[in-house]
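Asks: Sharing a sequence plus its predicted fold:
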Amino acid sequence: MEKKANFKFDENLLKAIEEIFYNKRTKYGYRRIHVELQRERGIYLNINTIYHYYKHLGLKTTIRQKRKNCEQKDLNANYNDLIKRNFKANVPFKKLFTDVIYIKTKSGWTYLSVVLDGFNNEI
């Protein structure tokens, strides 16, 4: 982008904006850089001025990927409460509780299931 004839760019401000941008790993746009300049450095400028500097430097933020929502099949499923909310057991391995955790890795999804014994809360 070419410099406008009536707009002078301050080299110190250019360096400050570029420094904030790359310190935040290219995730900050001109609005968040504007807030960062005010809060951290005490520099108060119009947001449009920051936008001009941002565009002059040719900065582009990395766009976050949208999460894909999973559809739940039956939201009104009713199940019987077999333990009547009494989670304590008198003998080991009588009442076992589990939960599945999904962990995203480079090679795909990994599932972690932890089983808790209601007798002494051991995993």
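Replies: Arrived safely. Numbers count the residues shown, from 1 in each chain.

Asks: Now do the helices in the protein.
Replies: Listed in chain order, the helices found in the chain under DSSP state H are 11-23, 30-41, 47-57.

Asks: Go through these and name the closest to Thr110.
Replies: Shortest separation from Thr110 across the helices of the chain is recorded for helix 11-23, at 32.4 Å, computed as C-beta to C-beta. C-beta: built from backbone N, CA, C; applies to glycine.

Asks: what mean pLDDT does that closest one have?
Replies: The predicted model gives helix 11-23 an average pLDDT of 88.

Asks: hmm, back to that, can you redo the helices of the chain as a markdown table with mean neighbour count?
Replies: Putting the helices of the chain into a markdown table (neighbours: other C-beta atoms under 10 Å) gives the following:
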| stretch | mean neighbour count |
| --- | --- |
| helix 11-23 | 14 |
| helix 30-41 | 16 |
| helix 47-57 | 16 |
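
Asks: a markdown table for the ones you listed, including distance to Asp81?
Replies: Conversion of the helices of the chain to a markdown table gives the following (distance: least, C-beta to C-beta, whole Å):
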| stretch | distance to Asp81 |
| --- | --- |
| helix 11-23 | 53 |
| helix 30-41 | 48 |
| helix 47-57 | 55 |
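
Asks: Could you list the low-pLDDT ranges of the protein?
Replies: Per-residue confidence for the chain (pLDDT under 70) gives these ranges: 1-7, 70, 72-75.
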